[in-house]
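**Student:** Pasted the sequence and its predicted model underneath.
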Amino acid sequence: KAGVTQTPRYLIKTRGQQVTLSCSPISGHRSVSWYQQTPGQGLQFLFEYFSETQRNKGNFPGRFSGRQFSNSRSEMNVSTLELGDSALYLCASSWAPRTGTSYEQYFGPGTRLTVT
Amino acid sequence: AQSVTQLDSQVPVFEEAPVELRCNYSSSVSVYLFWYVQYPNQGLQLLLKYLSGSTLVESINGFEAEFNKSQTSFHLRKPSVHISDTAEYFCAVSGSGGFKTIFGAGTRLFVKA
């Protein structure tokens, strides 16, 4: 099976702009989670989508949003970018039953976002 | 609520020496436990997992971890490390009933020649 893919791999944006990142999960995985990784804060959970519905959400401002499509592909959007949004954004997919149990996750290579 | 504590932020060790990376968790429900590894400029990779059954789990590259319910720990060990094991290691916990996966802060393992 192909792994989790994320596009683009690198992105440079200016403060105030918005950005959309894309994630294609492993075939058959219906759960997609997004994380922000920075040297200072470590790995922080943004949100999880399951069958097009947001199932869990982390403690990020409303500028961070996401969605999932019927083919399980997911996008996350950050509006009004701030310098502090510079980070590695990781997407992870998981086979998960509808009951909500979370099993192991498979991560993509990440999108390195730099905000100037 | 669930939480994960990795007790060491950095662990330097000489090549061929044994290593233990410590992980403690707290949870009010039955847990599933994971160790992930992240090499520079890459995403995280699953190293090993405990879902049920034998409390000692092993990876294909010589790492092992033991689920200790009474001590709420899931420490990662390797009897002899290689330079190529230099990476950041994350302990993670999830559970049934809709709990999301919680990651620890990570432990950076430096293997020196």
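**Tutor:** Good, I have the coordinates.
**Student:** Could you use CA atoms for every contact and neighbour count after this?
**Tutor:** Will do.
**Student:** how about the strands of chain B, start to end?
**Tutor:** B:3-6, B:10-14, B:19-21, B:23-26, B:31-38, B:44-50, B:56-58, B:64-68, B:73-78, B:87-95, B:102-103, B:107-112 (DSSP state E).
**Student:** okay if I get the ones you listed as TSV plus distance to A:Gly62 and mean neighbour count?
**Tutor:** Compiled in TSV, the strands of chain B are given as follows (distance: least, C-alpha to C-alpha, whole Å; neighbours: other C-alpha atoms under 10 Å in any protein chain shown):
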stretch	distance to A:Gly62	mean neighbour count
strand B:3-6	24	19
strand B:10-14	34	15
strand B:19-21	36	20
strand B:23-26	29	20
strand B:31-38	29	23
strand B:44-50	26	21
strand B:56-58	40	15
strand B:64-68	38	20
strand B:73-78	35	21
strand B:87-95	25	25
strand B:102-103	21	22
strand B:107-112	31	19
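**Student:** can you list the weak-confidence ranges in chain B?
**Tutor:** Scanning chain B for pLDDT under 70 picks out B:96-99.
**Student:** on that earlier part again, now render the strands of chain B as JSON lines, adding distance to A:Ser65.
**Tutor:** Output for those, formatted as JSON lines (distance: least, C-alpha to C-alpha, whole Å):
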{"stretch": "strand B:3-6", "distance to A:Ser65": "24"}
{"stretch": "strand B:10-14", "distance to A:Ser65": "33"}
{"stretch": "strand B:19-21", "distance to A:Ser65": "35"}
{"stretch": "strand B:23-26", "distance to A:Ser65": "29"}
{"stretch": "strand B:31-38", "distance to A:Ser65": "26"}
{"stretch": "strand B:44-50", "distance to A:Ser65": "22"}
{"stretch": "strand B:56-58", "distance to A:Ser65": "37"}
{"stretch": "strand B:64-68", "distance to A:Ser65": "36"}
{"stretch": "strand B:73-78", "distance to A:Ser65": "33"}
{"stretch": "strand B:87-95", "distance to A:Ser65": "23"}
{"stretch": "strand B:102-103", "distance to A:Ser65": "20"}
{"stretch": "strand B:107-112", "distance to A:Ser65": "29"}
